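Novice: what follows is a protein structure lacking sequence information:
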């Protein structure tokens with residue numbers, strides 16, 4: 001994939017963004033696979049919801065966002081939504097196993 005400064009037109013920009021979005025979605029899918037597998041190691045719903053871990057992850061991603069020149073509050077909100085949704089999926093898996 002070309003670098004942003006190498007783009008010659010909007011088509012180049014859009015193609016690069018589409019490629020990045022595809023990679024992000026693939027990685028999110030893999031992340032969800034790991035989250036579902038985590039349900040095997042959790043003893044109860046409290047462990048699945050692990051509020052302290054959620055806070056830790058969100059804060060670490062906000063810090064990482066700053067390192068990559070992204071708005072930390074935006075990344076924090078995105079991760080809160082992702083985690084909330086993935087916890088629901090993990091709970092479904094946990095209940096199936098229970």
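Specialist: Nice, thanks for sending it over. Note that the structure is predicted; figures quoted are calculated from it, not measured.
Novice: going forward, measure contacts and count neighbours with C-alpha atoms only.
Specialist: OK.
Novice: residue 57: which element?
Specialist: Assigned by DSSP states H and E, residue 57 falls within helix 51-67.
Novice: oops, could you answer that again for residue 21 instead?
Specialist: helix 10-38.
Novice: quick check, distance from the helix or strand that that helix is followed by to the centre of its chain.
Specialist: Per DSSP H and E, the first helix or strand lying C-terminal to helix 10-38 is helix 45-49. How far helix 45-49 lies from its chain's middle: 19 Å, per CA atoms, centre = their mean, to the nearest Å.
Novice: what helices and strands are in contact with helix 45-49?
Specialist: Using 3 or more CA pairs under 8 Å, 6 or more residues apart in numbering; DSSP states H and E as the contact test, the elements touching helix 45-49 are helix 72-97.
Novice: what angle do the helix it packs on and helix 10-38 make?
Specialist: 40 degrees (axes from the mean of the first three to the mean of the last three CA atoms, to 10 degrees).
Novice: quick check: buried residues in the lowest-mean-pLDDT helix or strand in the chain?
Specialist: For the chain, using mean pLDDT, DSSP states H and E, the weakest element among its helices and strands is helix 45-49, scoring a mean of 93. By 16 or more other CA atoms under 10 Å, the buried positions in helix 45-49 come out as 48-49.
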